[in-house]
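Visitor: My questions concern the predicted model and sequence given below.
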Amino acid sequence: PWVDPYLEPEPLFGEIAPNVPLGSAVLDLNVLTLPPIPPPPMLPELGFTVRCAITGMPFSGKTTLAGALNEAHGLVVIDPGASLIDAKAKAKEWAALEEARLARVEAATPKEAPESSPEGEGEEAGEEAGGEDAPAAAADGEEEETPELDPADLEPVPRALIVEMGEKAIDAELAGEPVDAVTMATIIAIAVDALAPPLPPRPTPPADAADDAPLPDDADDDAKAQAAAKAAEEEEANAAYEEALKASIDARPVGFVIDGFPNTIDEAKALERALTGLDEARGDLIRARVSDIARPTLRELAAKAEPLYVSVLDAIIALDLPSVDYSTKRAEGRRIDPESGRVFHLDYDPPPTNEPGLIARLEDQVPPDVARVVDRLGAWEVARDAREAWHHGGEGGGGGGAGGRFVGLRAGVDATLGKIEVAEAAGAVVADVKRKKEAAAGVAAAAEAAARA
């Protein structure tokens, strides 16, 4: 008879029925004995209303759209290129500070006196070192004063995670290689985490809080007064904490938009892991350990081996162009205003005609290397299918299925439209995210109020 492998494994030998409980127990044992997989070095604070990214072909208008979303919706633009530059600068700054510390330690370390030489050799050595012109201090046998060492210099300069990532980026550039996806994703995660002000510390309970006990009915007035004062003090501290917490949360931006990342499947996976800790390798390890004799059901294997594919991003706004020809044309015809730094395109984003002197002072932006543009477009096309499956999927997608990982995450926008139309289409995606978040928050508040009633 046919056996549903999702409910029980197929028979092993002829008509011998599989031992489903044994297969389940062996799978659990294999899962429990998995070697530890290092987690990401940090997970950022993600308490923002809108979390999205913009992807698209080179020269499709990603940076222009990111700026428009910043102006219209208050989204902070995370520029991977600028964040990378900042990481490398911090790495160089740390290296300079550490080098200076080591120099101070070396200067404060007492020098060992040179060994005495046999008679006659010392005079000859002295003559070679300067003869009669040698410093009087050396002739008198005086030692140079050793500077006092600051105790703080005994410990290395604190090395933040951004410094480590900057060092990796510098090493990659020196080797003539691109910065790897994991390093870039970690740099972006650090930039996201920096958007949220630190939360205030919770009030510390008094040292004698554990000894508090209800006052007896016959307690004297002094004891009652002390208990009332302590309760008022704790209430005041809790109120101050709640106020500071609300101020910290209110100071956060409404959200962020990542400009032009991720572009490949490796970058997409690295970003999810850097932001949420998503670990696909664990599932592969579990499947590799499945017993051929005591096999689990496919349903149980999927439940324990498949990661939970829930993206931290609310949307991937993809700027769609029908062909690489559109992108190539956009690489040409660009003009820059040297005063404001604004960039225009003669066909796709023409400069306004109502600003006196603007058109006259526009300069040709240095056109990009044609070969490099072709390489970038080719790399984008090669990575398209895998990237689209990850961010979009198909009818059979979701939850790690063959059709994709994050069904519905991708929001396509026709990039052949004008700048205003593209901004409006992307703005509609952001507005929809806000509306859904507000509705979910309202439902949660109503449920909490009903539970308290």
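Guide: Thanks, I have the structure now.
Visitor: Tell me where the stretch 51-200 of the chain is predicted with low confidence.
Guide: Residues of the stretch 51-200 of the chain that meet the criterion pLDDT under 70 lie in 113-144.
Visitor: so where do the strands sit in it?
Guide: Secondary structure of the stretch 51-200 of the chain (DSSP state E, counting those that start in this stretch): strands located at 75-78.
Visitor: any chance you could map the helices in it?
Guide: 62-73, 80-108, 121-129, 136-140, 161-174, 181-193 (DSSP state H, counting those that start in this stretch).
Visitor: Just name the most buried of those helices.
Guide: The highest average neighbour count among the helices of the stretch 51-200 of the chain, using mean count of other C-beta atoms under 10 Å, belongs to helix 181-193 at a mean of 23. The C-beta positions use only the backbone N, C-alpha and C, and glycine is treated the same way.
Visitor: circling back: in CSV: the helices of the stretch 51-200 of the chain, plus distance to residue 407.
Guide: Output for the helices of the stretch 51-200 of the chain, formatted as CSV (distance: least, C-beta to C-beta, whole Å):
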stretch, distance to residue 407
helix 62-73, 23
helix 80-108, 26
helix 121-129, 80
helix 136-140, 80
helix 161-174, 32
helix 181-193, 22
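Visitor: Just give the nearest non-adjacent residue to residue 429, would you?
Guide: Ranked by C-beta to C-beta, 6 or more residues apart in numbering and with sequence neighbours excluded, the top spatial neighbour of residue 429 is residue 411, at 4.6 Å.
Visitor: do the same with residue 104
Guide: The shortest distance from residue 104 to any non-neighbouring residue, by C-beta to C-beta, 6+ apart, is to residue 153 (5.2 Å).
Visitor: just to revisit the earlier point, right, and the residue nearest to residue 429 touches residue 314 too?
Guide: No: counting by C-beta atoms under 8 Å, residue 411 stays clear of residue 314, with 9.4 Å between them.
Visitor: Do you have the strands of the stretch 351-453 of the chain handy? List them.
Guide: Using DSSP E, counting those that start in this stretch, strands in the stretch 351-453 of the chain cover 363-364, 410-414.
Visitor: quick check: mean pLDDT across the first one?
Guide: Which is strand 363-364. The average pLDDT for strand 363-364 rounds to 80.
Visitor: Just name whatever secondary elements that strand is in contact with.
Guide: The helices and strands touching strand 363-364, judged by 3 or more C-beta pairs under 8 Å, 6 or more residues apart in numbering; DSSP states H and E, are strand 334-336.
Visitor: what sits up against the helix or strand following the strand it packs on?
Guide: Moving toward the C-terminus from strand 334-336, the next helix or strand (DSSP states H and E) is strand 343-345. By C-beta atoms under 8 Å, 6 or more residues apart in numbering, the list of residues contacting strand 343-345 from outside reads 330, 333, 334, 335, 336, 337, 349, 350, 351, 362, 365.
Visitor: For those residues, give me a markdown table that also has neighbour count.
Guide: Below are the contacts of strand 343-345 laid out as a markdown table (neighbours: other C-beta atoms under 10 Å):
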| residue | neighbour count |
| --- | --- |
| 330 | 21 |
| 333 | 16 |
| 334 | 20 |
| 335 | 19 |
| 336 | 16 |
| 337 | 17 |
| 349 | 18 |
| 350 | 14 |
| 351 | 15 |
| 362 | 18 |
| 365 | 15 |
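Visitor: Looking at these, which is nearest residue 427?
Guide: Minimum distance to residue 427 across those is 17.0 Å, recorded for residue 349 (C-beta to C-beta).
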